[in-house]
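Undergrad: coords please:
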Amino acid sequence: MAKARHSRFDCSPGCSVEAAIGLIDGKWKSVILFHLLSGTLRFNEIRRHIANVTPRMLTNQLRELEADGLIERKVYAQVPPKVEYSLSPLGRSMEPILLALKTWGDTNIGLYGKPEGFDPRVPEPAGAAGQAGA
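TA: All right, here's what the predicted structure looks like:
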């Protein structure tokens, strides 16, 4: 089920922040947008970039991003069907924000229990899990 959409904001201080965060607040939305910065990708290419996302969750997040006008979906009339996703001009306008988030994350990831340079796609050596505090 899609998230409840706000038809209007109360325009109190922070309203524009609320609106902006509301567009990218899904678990994978910012990550999807970040990967689309490099260009057009197909569904399975996006899945390969985001190892832990389920197909259903990815589909839902892509639908919401498309409905919000941040990405464009192009369907080619061929067999088998070919669907490509790319950033819309509105989505492309988020590039400096996404790059700033990446820079901040790269700088501060060590504060949150993940070593600098941590890559979730690389398995830990056997026996490494659970050794912290031993």
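Undergrad: CA atoms for contacts and neighbours, from now on please.
TA: Noted.
Undergrad: need the next SSE after the helix or strand containing residue 20, C-terminal direction.
TA: Taking DSSP states H and E as the criterion, residue 20 maps to helix 15-23. Downstream of helix 15-23, the next assigned helix or strand under DSSP H and E is helix 29-36.
Undergrad: so what does that next one touch, helix or strand wise?
TA: helix 43-49, helix 55-67, strand 82-87, helix 95-108 (3 or more Cα pairs under 8 Å, 6 or more residues apart in numbering; DSSP states H and E).
Undergrad: Would you mind finding the most buried of those?
TA: Greatest average neighbour count among the helices and strands packed on helix 29-36 goes to strand 82-87 (a mean of 18), per mean count of other Cα atoms under 10 Å.
Undergrad: what is the mean pLDDT for that strand?
TA: Taken as a whole, strand 82-87 carries a mean pLDDT of 96.
Undergrad: Which other helices and strands does that strand contact?
TA: helix 29-36, strand 41-42, helix 43-49, strand 71-76.
Undergrad: mind redoing it with 10 Å?
TA: helix 29-36, strand 41-42, helix 43-49, helix 55-67, strand 71-76 (3 or more Cα pairs under 10 Å, 6 or more residues apart in numbering; DSSP states H and E).
Undergrad: Name the residues that touch that strand?
TA: Strand 82-87 is contacted from outside by 32-46, 62, 65-66, 69-77, 92-95, using Cα atoms under 10 Å, 6 or more residues apart in numbering.
Undergrad: which non-adjacent residue is nearest the residue nearest the centre of the chain?
TA: The residue lying closest to the centre of the chain (Cα atoms, centre = their mean) is residue 31, at 2.3 Å. What sits nearest to residue 31 in space, not counting adjacent residues and going by Cα to Cα, 6 or more residues apart in numbering, is residue 50, at 7.8 Å.
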